[in-house]
Each structure stands twice: as C-alpha cells, then as structure tokens.
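# Sequence and computational prediction follow.
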Amino acid sequence: MGIWEIVGGSLLVVCGLLIVLFVSLQSDKSDGLSGAIAGGSDSSFGARGNSKDEKLASVTRILVIVFFVLTLAVNIFVLISNH
C-alpha cells in the first residue's frame, strides 16, 4: 500500500463519518406518503425551511460531492500506482 492509498482511505473514512453525522443531525421530515397525499401540515405557499436544516443540508451536499471526487481520485491513484 502506498502513502496515497492510506491518506486517501483515511480521508474517505473521515468524510463518510462526517456525512453520517450531518445526516443524523438533520430534523426528521417523515410525513412520508400520508403527508404527500393529505398535504403536509406546513405546506403554506412560500414557506421556507428551518435555516439550521438548510445549512446542514448544504454541508451534507458538499460533503457528498467531496466524497465522490475523493473516491474517484483515490481510484485513479491506485490505478496509476499499479501500472
């Protein structure tokens, strides 16, 4: 194992744990199918979500993008180092 594989794998683990943490911190929006059929209780026109949830969702989105790019980069480094 090369140093890049170890560093990349460690970063992937940390990023994955952060994704799990930020997803678990978001509030539960479990209206589910009943909320979609009957209409949600907070479905007023132009209503905005909780700013904390919006921030957590945007951080989660960024972490998922970083995780995806990091996964591609680690795989490319492994392919290059094996040739």
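Perfect, I can see it now.

# what's the burial count for residue 80?
Neighbourhood size, residue 80 [other CB atoms under 10 Å]: 10. For glycine as for every other residue, the C-beta is placed from the backbone atoms N, C-alpha and C.

# Looks like residue 53 contacts residue 28 (just checking).
No: in terms of CB atoms under 8 Å, residue 53 does not count as a neighbour of residue 28; the distance is 10.2 Å.

# Compare these two (neighbour count), which wins?
Counted by other CB under 10 Å, residue 53 and residue 28 do not tie: residue 53 has more neighbours, with 13 against 5.

# For the lengthiest helix in the chain, enumerate the helices and strands it packs against.
Counting by DSSP state H, the longest helix found in the chain is helix 51-82. Judged by 3 or more CB pairs under 8 Å, 6 or more residues apart in numbering; DSSP states H and E, the packing partners of helix 51-82 are helix 3-25.

# can you give me how far the helix it packs on is from the chain middle?
Put simply, helix 3-25 sits 11 Å off its chain's centre (CA atoms, centre = their mean, to the nearest Å).

# What is the burial count for residue 76?
Using other CB under 10 Å: residue 76 sits among 12 other residues.

# quick one: it from residue 53, how far?
Noted for residue 76: a distance of 35 Å to residue 53, by CB to CB, to the nearest Å.

# where does this structure dip in pLDDT?
Low-confidence segments of the chain (pLDDT under 70): 29-50.

# distance of residue 6 from residue 81?
For residue 6, the distance to residue 81 equals 12 Å [CB to CB].

# whoops, I mixed them up, residue 11
According to CB to CB, residue 11 stands 16 Å off from residue 81.

# Neighbour count for those two, which is higher?
More neighbours surround residue 11 than the other of residue 11 and residue 81, with 16 against 12 (other CB under 10 Å).
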